[in-house]
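Undergrad: Got a predicted structure plus its sequence, pasted below:
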Amino acid sequence: MTSHNKVSVLFVCMGNICRSPTAEGVFRRLVAEEGLEHLIQIDSAGTHDYHVGKAPDRRAQAAATGRGYDLSPLRGRQVARNDFAEFDYVLAMDGDNLANLQRVCPKDQRHKLRLFLSFSERFNNQEVPDPYYGGAEGFDLVLDMVEDAARGLLQAIRAGA
């Protein structure tokens, strides 16, 4: 990774208020701890427009705050067509959102689409479950998965994968 070669990462879930802002917040802190903020651009978005302009779900924020992450500045937005050209990694939280991205992504950009958990070492199910309709434990599981996959993603970026 060189300074003239900034890497960009977009995390995507359905509404951009639970999983993808959690991934953005976790990955931002990990990148900052490694002193790489000037080399890695990070954002999140949703495949649907349900929560555009809204702050992350209060339960996602509470779980994140419990581990030292601040999601409060983040605001929901919908994936835009230019995101596929702008970002090097477009990482979906689950298969449904990956399929939604594949439908709208230009063919020449599809190689950028992946499941975020493909970078995980601990979790083999490949999907970050949507905690929206469940209890607090779902948000903690999301954090466990996201923290693990974020470390793997940073290793992959460093390795140029």
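TA: Okay, I see it.
Undergrad: Pretty sure Ile157 sits against Ile40.
TA: Yes - if you go by C-beta atoms under 8 Å, Ile157 and Ile40 touch, sitting 6.8 Å apart. Every C-beta, even on glycine, is put in place using the N, C-alpha and C of the backbone.
Undergrad: out of those two, which sits in the more crowded spot?
TA: Ile40 (22 against 19; other C-beta atoms under 10 Å).
Undergrad: Next one: that one from Tyr133, what distance?
TA: 32 Å (C-beta to C-beta, to the nearest Å).
Undergrad: Pull out the buried positions in the helix or strand harbouring Val142.
TA: Take DSSP states H and E as the rule and Val142 turns out to sit in helix 136-158. In terms of neighbour count (16 or more other C-beta atoms under 10 Å), helix 136-158 has its buried residues at 138-139, 141-143, 145-154, 157.
Undergrad: Could you list the low-pLDDT ranges of this protein?
TA: 1-4, 161 (pLDDT under 70).
Undergrad: Go again with 50.
TA: For the chain, residues meeting the criterion pLDDT under 50 lie at 1-4.
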